[in-house]
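1. here is my input; please provide its structure:
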Amino acid sequence: QRLADGALAVAVPEVPPRGLSMLKVSAGPPPPVTGRATASGTTLENDALRVELDPATGAIRRFLDRARGVELAGPQGLARYRYVPGRDPALVRDAGPVTITVEENGPLVAVLRAEGEAPGARSAVLRYRLVAGSDRLEVELLLDKLPVREKESAHLTFDLAVEGGALRIDQGTNVMDPARDALPGSCRDFVGVHSALDAVGPKGGVALGVLDSPLVELGTMVDERPNPAGIRHWKQEPYAGTTVHAYLLNNYWHTNYKADQQGLLRFRFVLRPHGVEPPLAVMDLSRDLEQPLVVLPEGR
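-> Got it, this is the predicted structure:
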């Protein structure tokens, strides 16, 4: 289908993970365009979603699931870059100021780019991508990291506002609820994620794919300050909320030497609102993200 702006859209049948479908492209009249994605100012939208960015930080300050009329961005926002200079999360700093530009204005693909200053980095670029007819928002963070040898950490906050919600975390062979399933003595500060987690309540929720950031902090960011015994305090109580922080990086190793990490880092995320669905649907999202559709010419 050749769209008005020259983009080519191809209708692809559903292909299961590790599956195969043969496509034949030939001349013919295009089908009618049934949905549009648009980008303007600080707003992205299509028939399923409306996304509004914070002009100061580039984070998502409003995330509307249009099908259910539900706002899913909490007070801390979504995809909010946070940097801790040192060990105390009370010293956390946001990105900004940023410049928000429209990279693609639709109608098939709409993209907003927020670029600007970021503590601990030379620069940061947040890119948000919405496709016509899709119920998923794609988020990409490109961080040009500075070499820092003092203690530091970087995070991306997702304050998932789900009424009566709890977390379901895909761990590869099971779905975990950290409020109920964590064993006594296990880590309560952060948890490993296979590729996706779900914040879900009685009326639905929102799933978060974490393609390049397999650790998420639960509720609050890690506090590395030593207690009176000279070691850091580990949380003891299970976390029952729906705010998570992608734990992008840190240099909290406590050794007799200093080291740093620098250069261009890429982190990808997906936000997918949904209604009531089976608990294992978050594992289906993981598989979708890990095994994306790859199109190759015949014979390759």
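2. only C-alpha atoms for contact and neighbour calcs from this point on.
-> Fine.
3. which stretches of this protein aren't confidently modelled?
-> 1-13, 16-18, 32-33, 299-300 (pLDDT under 70).
4. now the element after the helix or strand where residue 157 lies, going C-ward?
-> Assigned by DSSP states H and E, residue 157 belongs to strand 152-160. With elements assigned by DSSP H and E, the helix or strand that comes after strand 152-160 is strand 166-170.
5. CA atoms only for that following strand, dumped as PDB, please.
-> In PDB, the C-alpha atoms belonging to strand 166-170 read as follows (Å, rounded to 0.1, in the frame of the first residue of the first chain):
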ATOM      1  CA  ALA A 166       0.300  -5.700  41.100                       C
ATOM      2  CA  LEU A 167       3.300  -6.700  39.100                       C
ATOM      3  CA  ARG A 168       3.700  -9.900  37.000                       C
ATOM      4  CA  ILE A 169       7.300 -10.400  36.000                       C
ATOM      5  CA  ASP A 170       8.300 -12.800  33.300                       C
END
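6. re earlier: who's in contact with the strand holding residue 157?
-> Strand 152-160 has contacts (C-alpha atoms under 8 Å, 6 or more residues apart in numbering) with 72-87, 199, 206, 221, 242-252.
7. and the buried ones among those, selectable in PyMOL?
-> Selection of the buried residues among the contacts of strand 152-160 in PyMOL, burial being defined by 16 or more other C-alpha atoms under 10 Å:
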select buried, resi 72+73+74+76+77+78+79+80+81+82+83+84+85+86+87+199+206+221+242+243+244+245+246+247+248+250+251
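8. which of the contacts of strand 152-160 fall in strands?
-> Mapping those onto strands (DSSP state E) picks out 73-85, 199, 206, 243-250.
9. and residue 91, its phi and psi?
-> Main-chain torsions, residue 91, degrees, to the nearest 10: phi -90, psi 10.
10. typed the wrong thing, it's residue 287
-> When read as degrees, to the nearest 10, the backbone of residue 287 gives phi -70, psi -40.
11. that one and residue 136: what is the separation?
-> 15 Å (C-alpha to C-alpha, to the nearest Å).
12. what do you get for residue 51?
-> 11 Å.
13. how about the residue most central in space within the chain, secondary structure?
-> Centroid-nearest residue in the chain, with C-alpha atoms, centre = their mean: residue 269, separated by 3.2 Å. Look at residue 269: counting by DSSP: H, G, I helix; E, B strand; the rest coil, its state is strand.
14. contact partners for it?
-> Contacts for residue 269 (C-alpha under 8 Å, 6+ apart) come out as 138, 139, 140, 208, 209, 210, 211, 212.
15. of those residues, buried ones?
-> Using 16+ other C-alpha under 10 Å as the threshold, 138, 139, 140, 208, 209, 210, 211 are the buried ones among the contacts of residue 269.
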